[in-house]
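Novice: take this sequence and fold it.
(2 chains)
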Amino acid sequence: MSSIATSVTRADGFTPPGPGDFNLPPIGPDKTFEFLGQEMYLGVTKPMLQLVLVAGVVFVFFWAASRKRAMVPGRLQFIGEQGYGFVRNSMGRDIIGSKDFQRYTPYLFALFFFILINNFLASIPFFQFPTFSRAGLVYSLAALSWIIYNAVGMKKHGFLGYLKLMCVPSGVSPAMYPLLIPLEFMSNILVRPITLALRLFCNMFAGHMLLILFALGGEYLIVEMAGAYSVVGVLAWVLFIVISFLELLIQFLQAYVFVLLNAMYIQGSLADEH
Amino acid sequence: MQTLTILASGDGELNPLIPHPVEIVLSLVVFGLLFFAVKKWVVPNFEATYAERTSAIEGGLAAAETKQAEADAKLAELDRQLSEARHEAARIREEAREQGATIVAEMREQAQAESNRIVEHGKAQIEAERQQAVTSLRAEVGTLATGLAGRIVGESLDDEARQSRVVDRFLAELEGAN
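Specialist: Next up, the predicted model:
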């Protein structure tokens, strides 16, 4: 789509990529509707398909890897066990603690690989679109995390007990409470889902935007400009490749951080003392 | 296509933070399905594999420990038996040596006794024979002396030549008798 956009605008100079590059049109008829004062496409879009595809791929892969249950694993089972063991041990057991982590392992495991593969799609040829650069897809995952860690805490400590655990810091003189309780409430209850969502969304969004910028900018410099500008264009493409590798790292890190924070929030809700 | 381009080219009004409502629901549904599928069909398999492997390794370790203990016990038993056997052998050797010495001493004693007995017997026999000889000699000497005396008395004692003849004859008879 962006190529159409640039070809249209090219006559009046270079148009930098914007949020519109992430608003991919649906497959089939492109009807629109209003939502929160913004026009939205109605229909199945690429990130939606990617989301479903990744869920299917993740499930099928790990199902196939875990199906044999061999004592001495083959290659597929070994990879599956490494992936599962990574989430289970480094995020589940080490953070939530060996007493309770088994209950949350399926959630953390599914979440990690769901986000990780969706992020990797930004760098896989033919997909090349980060699914979670669509804010709506991230909001629901963050909301789910918020519901889960709050529900876990309330189930264990009761509603008031949980609020006390989250908002009243221990080892502080009561004189500080008027100051600290609102702060703790803000940071532990209100802000967590927002930062969780924005961190993942913005990283994916900005990373992809950067890549579009280097790709299209490089192309514009090479095709439309002459002389020294085309050399800079080639440099932009080299940087495109370098940043692509950086993006791979960020894609992994964001999935890791999202799930790690989920585990830490759950652990905080289960803890006896804040 | 024209509206599409305008939408896609980023006209500044598009706010990426405003979510697409369908996407919110879709993400929740898709992730929910993935979660339940993973929870039902993937995680139990992995956990079961882990548990089986752990128990297999622990079982193997326990079996190895048992085997090791058994082997140790057997080795100790064999050592014990070996030292017992050595002890026994030494004891038997010692006994045999003692017995041999005893037997040799006994044999020597017996042989000594036998030889003494033989010597005694020989001596006794010789003594008996001597006694017999003496007895018979004594009897014979008496008879002879009596015979000789008779003869001497019977012949004329004044004839000296005759006398010596009688004696010579007596001695010749005596020699001839022998």
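
Novice: got the buried residues for the helix or strand where B:Ser164 lies?
Specialist: Assessed by DSSP states H and E, B:Ser164 sits inside helix B:160-177. Buried residues in helix B:160-177, counted by 16 or more other CB atoms under 10 Å in any protein chain shown: B:Val166. Using the backbone N, CA and C atoms, a C-beta is placed for each residue, glycine as well.

Novice: other SSEs contacting it?
Specialist: helix B:43-154 (3 or more CB pairs under 8 Å, 6 or more residues apart in numbering or on different chains; DSSP states H and E).

Novice: how about residue 27, what does it touch?
Specialist: Reading this off chain A. By CB atoms under 8 Å, 6 or more residues apart in numbering or on different chains, the contact list for A:Ile27 reads A:43-46, A:49.

Novice: wait, chain B was what I had in mind.
Specialist: Per CB under 8 Å, 6+ apart, neighbours of B:Ser27: A:51, A:136-141.

Novice: can you tell me the residue of chain A closest to chain B?
Specialist: Going by CB to the nearest CB, chain B is nearest to A:Gly18 of chain A, at 2.5 Å.

Novice: burial count for the nearest residue to A:Gln128 once chain neighbours are set aside?
Specialist: Distances taken as CB to CB, 6 or more residues apart in numbering or on different chains put A:Ala122 closest to A:Gln128, at 6.5 Å, once the chain neighbours are dropped. Using other CB atoms under 10 Å in any protein chain shown, A:Ala122 is surrounded by 23 other residues.

Novice: helix/strand/coil for A:Ala122?
Specialist: What DSSP: H, G, I helix; E, B strand; the rest coil gives for A:Ala122 is coil.

Novice: check it and give its pLDDT.
Specialist: What the model reports as pLDDT for A:Ala122 is 88.

Novice: show the end-to-end separation of stretch B:31-43, please.
Specialist: Distance between the boundary residues of stretch B:31-43 (CA to CA, to the nearest Å) amounts to 16 Å.

Novice: tell me if the helix or strand containing A:Leu253 is near chain B.
Specialist: Here A:Leu253 sits within helix A:228-270, counting by DSSP H and E. No: interface with chain B: helix A:228-270 contributes nothing (CB under 8 Å from any CB of the partner chain), its closest point being 12.1 Å away.

Novice: now that helix, how far from the chain's geometric center?
Specialist: Centroid separation for helix A:228-270 versus its chain: 10 Å, with CA atoms, centre = their mean, to the nearest Å.

Novice: from memory A:Val234 sits against A:Val223, does it?
Specialist: No: contact criterion CB atoms under 8 Å: A:Val234 and A:Val223 do not qualify, at 11.9 Å.

Novice: sorry, back to before: reformat the contacts of A:Ile27 as TSV; add neighbour count.
Specialist: Below are those laid out as TSV (neighbours: other CB atoms under 10 Å in any protein chain shown):
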residue	neighbour count
A:Gly43	15
A:Val44	14
A:Thr45	22
A:Lys46	18
A:Leu49	13
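
Novice: list the contacts for the residue nearest to A:Met91 when sequence neighbours are not counted?
Specialist: Of all residues not flanking A:Met91 in the chain, A:Ala263 sits nearest, at 4.7 Å (CB to CB, 6+ apart). By CB under 8 Å, 6+ apart, the contact list for A:Ala263 reads A:91-92, A:95-96, A:104, A:108.

Novice: now do A:Ser133
Specialist: The contact partners of A:Ser133, by CB under 8 Å, 6+ apart, come to A:22, A:47, A:122, A:201, A:204-205, A:208, B:16.

Novice: closest one of those to A:Pro73?
Specialist: Distances from A:Pro73 to the contacts of A:Ser133, taken as CB to CB, are shortest for A:Ala122 (30.4 Å).

Novice: out of the contacts of A:Ser133, who's the most crowded?
Specialist: Busiest of the contacts of A:Ser133 [other CB under 10 Å] is A:Met204, holding 28 neighbours.

Novice: B:Arg130 versus that one, what's the distance?
Specialist: 147 Å (CB to CB, to the nearest Å).

Novice: quick revisit: with just CA atoms, put the helix holding B:Ser164 into PDB.
Specialist: The C-alpha coordinates for helix B:160-177 follow below in PDB (Å, rounded to 0.1, in the frame of the first residue of the first chain):
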ATOM      1  CA  GLU B 160     104.100-143.300  80.800                       C
ATOM      2  CA  ALA B 161     104.000-143.900  77.100                       C
ATOM      3  CA  ARG B 162     100.600-145.400  77.400                       C
ATOM      4  CA  GLN B 163      99.500-142.700  79.500                       C
ATOM      5  CA  SER B 164     100.400-140.100  77.000                       C
ATOM      6  CA  ARG B 165      98.900-142.300  74.300                       C
ATOM      7  CA  VAL B 166      95.600-142.400  76.200                       C
ATOM      8  CA  VAL B 167      95.600-138.700  76.500                       C
ATOM      9  CA  ASP B 168      96.400-138.200  72.800                       C
ATOM     10  CA  ARG B 169      93.700-140.600  71.900                       C
ATOM     11  CA  PHE B 170      91.300-138.900  74.100                       C
ATOM     12  CA  LEU B 171      92.100-135.600  72.600                       C
ATOM     13  CA  ALA B 172      91.900-137.000  69.100                       C
ATOM     14  CA  GLU B 173      88.500-138.500  70.000                       C
ATOM     15  CA  LEU B 174      87.500-135.200  71.400                       C
ATOM     16  CA  GLU B 175      88.600-133.500  68.200                       C
ATOM     17  CA  GLY B 176      86.900-136.200  66.100                       C
ATOM     18  CA  ALA B 177      83.800-135.800  68.100                       C
END
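
Novice: which pLDDT value goes with the nearest residue to A:Tyr229 once chain neighbours are set aside?
Specialist: Nearest non-adjacent residue to A:Tyr229, counting by CB to CB, 6+ apart: A:Leu221, 4.8 Å away. Per-residue confidence at A:Leu221 stands at 86 (pLDDT).

Novice: and what of A:Val52?
Specialist: On pLDDT, A:Val52 comes in at 93.

Novice: what are the ranges of the strands in chain A?
Specialist: Remark: strands assigned in chain A by DSSP state E are A:31-35, A:38-42.

Novice: check the ones you listed for me and report the most buried one.
Specialist: Of all the strands of chain A, strand A:38-42 has the most neighbours on average by mean count of other CB atoms under 10 Å in any protein chain shown, namely a mean of 17.

Novice: how about A:Ala83, nearest residue that isn't a chain neighbour?
Specialist: Careful, residue A:83 is Gly; it's not Ala. Spatial nearest neighbour of A:Gly83, excluding adjacent residues (CB to CB, 6+ apart): A:Phe113 at 6.7 Å.

Novice: quick one: contacts for that neighbour?
Specialist: A:58, A:62, A:83, A:87.

Novice: with neighbour count and pLDDT added, can I get those residues in TSV?
Specialist: Output for the contacts of A:Phe113, formatted as TSV (neighbours: other CB atoms under 10 Å in any protein chain shown; pLDDT from 0 to 100):
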residue	neighbour count	pLDDT
A:Val58	23	93
A:Phe62	27	91
A:Gly83	19	91
A:Val87	24	91
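
Novice: many thanks, have a good one.
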